[in-house]
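Asker: The sequence and its predicted three-dimensional model are supplied below.
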Amino acid sequence: MEGLVSFQPFPSSVIQRRLSTVYLHRLTRSSSCAPLRAQQSGITGGSESVSSALEGKASEQEVVIYQDEVVASQGIRIRRRPLTGPPLHYVGPFEFRLQNEGNTPRNILEEIVWHKDKEVAQMKEKRPLYTLKKALETVPPPRDFIGALRSAHQRTGLPGLIAEVKKASPSRGILREDFDPVAIAQAYEKGGAACLSVLTDEKYFKGSFENLQAIREAGVKCPLLCKEFIIEAWQIYYGRSKGADAILLIASVLPDLDIKYMIKICKILGMATLVEVHDEREMDRVLAIEGVELIGINNRNLETFEVDIGITKRLLEGERGELIRQKDILVVGESGLFTPEDIAFVQEAGVKAVLVGESLVKQSDPGQGISALFGRDVSG
Ligand SMILES: O=C(O)c1ccccc1NCC(=O)[C@H](O)[C@H](O)COP(=O)(O)O
């Protein structure tokens, strides 16, 4: 977004110092420092090699330059929220703040991530990690998310279904007014869903962690994906404490190092990770990460909302598809799936699972919506 005025009120040395302050904050917070932060806060599974590369051996500014270079080299467009807010500008005795490219989210995904940054900071204050770790001692063990998808695929010959409990979305607004998450989850399970995806973001999707917990406590047996915008490992522990069996990691938000590190944490906790991609570059990054077992191809561009199920086909063509088969990675086609023809199209492209929200949740009986989506009953 353009600023109100275009003059530069500070000499570059002042701007440099201001940037350093921002970067100093980011050192203890920003995404690609997750392993370092985690070591400091007692989260297990940190990447020792990177931590030692970062710890003490380089100046803070060098580390920041390193982080920014890493993020840029991976083509990650989603930036983390600047901590200082809009910079102050002075004209004579007046001071005012400008809206500009650097301090205003450029798209909805960036806005969600920036909001998440603040939200997670507040949540962590209320539930520090050690209390979550304690809570995990009494939570029932995680269920096998990937196993459930594979066996549904084998049983039906159709992609295993992850049915999404989704009340609203930024692109479509409210999808269902009479939203009873437990009733919807039970209907999905009865209708033949292998797994469920539960949106936990409150502000943009009208979901909640209470929904996740209520579904788990209602006795639903399908493994549950915590559909959240994960930016910190703390959220994984929180999701597990509410009954999640799997979590989502979005490649356009997280640098490779964070993805690796978070996969490691999930493995320690016995959870699955669905790593989501939307283009070739993200797919190639994720395919190079060891330990990835489940990849989601989102047909929706989360920056523009454009949906094209052809993306799934495109990303599974040629050498990429070959590598995926060699590695026995299970691929999930996500978003924009409404008809048996859509399901056949993504299955033909190579997916063995699908993630579906809108077309099911809008049905008066979401369970019967599953039969309509697949063109036959898959509940048996
Ligand atoms: O759905 C959105 O509008 C959206 C906007 C910004 C970030 C994420 C968003 N959706 C998450 C998803 O990808 C979908 O909930 C999921 O794949 C199901 O999609 P659909 O079947 O099209 O409801």
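Answerer: Alright, I've got the coordinates.
Asker: Up against the ligand, what does the protein have?
Answerer: 108-109, 164, 166, 169-171, 298, 300, 302, 305, 334-337, 355-359 (Cβ under 6 Å from any ligand atom). All C-beta spots, glycine's among them, are computed from the backbone N, C-alpha and C.
Asker: Can you list the low-confidence ranges for the chain?
Answerer: Within the chain, the segments meeting pLDDT under 70 span 1-68, 83-90, 95-102.
Asker: quick one: the strands in it?
Answerer: For the chain, the strands defined by DSSP state E cover 88-91, 94-97, 160-165, 168-169, 173-174, 195-199, 224-227, 246-250, 272-277, 294-298, 330-334, 353-356.
Asker: Next, format those strands as JSON lines and append mean neighbour count and distance to E210.
Answerer: As requested, these are exported to JSON lines (neighbours: other Cβ atoms under 10 Å; distance: least, Cβ to Cβ, whole Å):
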{"stretch": "strand 88-91", "mean neighbour count": "12", "distance to E210": "40"}
{"stretch": "strand 94-97", "mean neighbour count": "10", "distance to E210": "36"}
{"stretch": "strand 160-165", "mean neighbour count": "29", "distance to E210": "12"}
{"stretch": "strand 168-169", "mean neighbour count": "20", "distance to E210": "16"}
{"stretch": "strand 173-174", "mean neighbour count": "9", "distance to E210": "19"}
{"stretch": "strand 195-199", "mean neighbour count": "27", "distance to E210": "10"}
{"stretch": "strand 224-227", "mean neighbour count": "28", "distance to E210": "13"}
{"stretch": "strand 246-250", "mean neighbour count": "24", "distance to E210": "17"}
{"stretch": "strand 272-277", "mean neighbour count": "26", "distance to E210": "22"}
{"stretch": "strand 294-298", "mean neighbour count": "25", "distance to E210": "25"}
{"stretch": "strand 330-334", "mean neighbour count": "27", "distance to E210": "24"}
{"stretch": "strand 353-356", "mean neighbour count": "27", "distance to E210": "22"}
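Asker: Figure out which of those is closest to R80.
Answerer: Comparing these by their distance to R80 (Cβ to Cβ), the top pick is strand 246-250, with 13.4 Å.
Asker: and the closest one, what other elements does it pack with?
Answerer: strand 224-227, helix 233-241, helix 256-269, strand 272-277 (3 or more Cβ pairs under 8 Å, 6 or more residues apart in numbering; DSSP states H and E).
Asker: The residue of the stretch 251-380 of the chain found nearest the ligand: what's it in contact with?
Answerer: Among all residues of the stretch 251-380 of the chain, G357 sits closest to the ligand, at 2.9 Å; criterion: Cβ to the nearest ligand atom. When contacts are counted by Cβ atoms under 8 Å, 6 or more residues apart in numbering, G357 touches A163, E164, K166, S169, L175, S197, S335.
Asker: Who are the contact partners of the residue nearest to the last one when sequence neighbours are not counted?
Answerer: By that I understand S335. Residue nearest to S335 in three dimensions, not counting chain neighbours: R300, with 4.0 Å by Cβ to Cβ, 6 or more residues apart in numbering. Counting by Cβ under 8 Å, 6+ apart, R300 touches S171, H278, E306, V307, E334, S335, G336.
Asker: now do 10 Å
Answerer: S169, S171, H278, E306, V307, D308, I309, I311, E334, S335, G336 (Cβ atoms under 10 Å, 6 or more residues apart in numbering).
Asker: circling back to that earlier point, of the contacts of G357, which pair is most distant in space?
Answerer: A163 and S169 (15.1 Å).
Asker: Of the contacts of R300 - the most surrounded one?
Answerer: E334 (29 neighbours; other Cβ atoms under 10 Å).
Asker: what's the closest non-adjacent residue to that residue?
Answerer: Nearest residue to E334, sequence neighbours excluded (Cβ to Cβ, 6+ apart): L355, at 4.1 Å.
Asker: who's that neighbour bridged to?
Answerer: For L355, the beta-bridge partners under DSSP bridges are I162, E334.
Asker: Likewise for C195?
Answerer: Counting by DSSP bridges, the residues bridging with C195 are I162.
Asker: Just confirm it contacts Y188, I think it does.
Answerer: Yes - counting by Cβ atoms under 10 Å, C195 does reach Y188; the two are 9.3 Å apart.
Asker: list the residues that contact both of those two?
Answerer: Counting by Cβ under 10 Å, 6+ apart, the common neighbours of C195 and Y188 are L161, I162, A163, C222.
Asker: mind checking how far Q154 is from L132?
Answerer: Going from Q154 to L132 by Cβ to Cβ, to the nearest Å gives 35 Å.
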